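**Student:** can't give you the sequence, but here's the structure:
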């Protein structure tokens with residue numbers, strides 16, 4: 001952020017630039033459909049809160065996510081955008097050799113898993129593309145799904161040793177395939193678990209969801225929703 005401000009960029013200009021950034025229609029549709037199907041969506045990102053909230057609010061998606069886990073960002077009294085690390089690595093280490101010093105996504109996922117287990121059995125779907133998404137993928141169970149973006153760092157790390165993961169691996173290449181794969185997995189989960197009122201399904205992603213299901217609850221099949 002310091003580099004942008006040194007070039008004379010204001011917070012308003014940064015905000016305008018973020019609002020101009022394209023968000024694929026299939027990504028928006030996937031978020032809306034997953035939410036409509038009862039999923040609880042959560043974000044785990046090494047970006048920052050200012051960027052994420054600005055983009056979500058611009059596309060009308062802010063209310064679809066129950067939780068945003070990212071680096072804090074705020075505008076100071078001088079009107080400058082400040083970004084802080086999620087984990088204060090100057091005072092202590094998170095102890096993970098796979099992740100950058102400011103964030104280990106596994107610690108976040110493990111907290112979410114612990115919370116979900118108190119409510120009942122949950123299934124997680126984790127979407128990601130970066131190197132930092134490999135570590136949390138290792139924490140998923142055999143009933144979970146991981147959706148790495150093809151030909152990106154997380155995908156390459158997973159393919160190097162797929163047996164290191166317990167979760168099912170379902171890759172995607174673009175937003176259209178992301179929507180197709182995500183909604184298919186949610187639909188399969190609903191079909192498999194819908195008859196058991198004591199088991200809950202949650203889809204947990206890099207941009208995220210969560211949903212309790214009742215026995216034989218009437219739910220639509222996973223179809224695209226209009227933007």
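**Tutor:** Perfect, I can see it now. Just so you know, these numbers come straight off a predicted model, no measurement behind them.
**Student:** beta partners of residue 148?
**Tutor:** Taking DSSP bridges as the rule, residue 148 bridges to residue 128.
**Student:** and the gap between it and residue 97?
**Tutor:** Between residue 148 and residue 97 the distance is 20 Å, computed by C-beta to C-beta, to the nearest Å. C-beta: built from backbone N, CA, C; applies to glycine.
**Student:** higher neighbour count, those two?
**Tutor:** The neighbour comparison of residue 148 against residue 97 (other C-beta atoms under 10 Å) goes to residue 148, with 27 against 8.
**Student:** what pLDDT does the more buried one get?
**Tutor:** pLDDT for residue 148: 97.
**Student:** for it, what are its contacts?
**Tutor:** 127-129, 133, 137, 154-155, 158, 169, 171-172 (C-beta atoms under 8 Å, 6 or more residues apart in numbering).
**Student:** could the residues you listed be laid out in CSV, adding secondary structure and neighbour count?
**Tutor:** Compiled in CSV, the contacts of residue 148 are given as follows (DSSP: H, G, I helix; E, B strand; the rest coil; neighbours: other C-beta atoms under 10 Å):
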residue, secondary structure, neighbour count
127, strand, 25
128, strand, 25
129, coil, 17
133, helix, 27
137, helix, 24
154, helix, 26
155, helix, 21
158, helix, 21
169, strand, 15
171, coil, 18
172, strand, 19
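**Student:** give me the low-pLDDT residue ranges for the chain?
**Tutor:** Scanning the chain for pLDDT under 70 picks out 1-8, 121, 194-227.
**Student:** longest helix anywhere in it?
**Tutor:** Longest helix in the chain, counting residues (DSSP state H): helix 175-193.
**Student:** now the helices: where do they sit in this protein?
**Tutor:** Counting by DSSP H, the helices of the chain are 2-6, 11-20, 25-36, 49-58, 105-119, 134-137, 153-160, 175-193.
**Student:** so for residue 43, which of these sits nearest?
**Tutor:** helix 49-58 (6.4 Å; C-beta to C-beta).
**Student:** re the thing from before, deepest in the core, which of the helices of the chain is it.
**Tutor:** Of all those, helix 134-137 carries the top mean neighbour count, a mean of 24, counting by mean count of other C-beta atoms under 10 Å.
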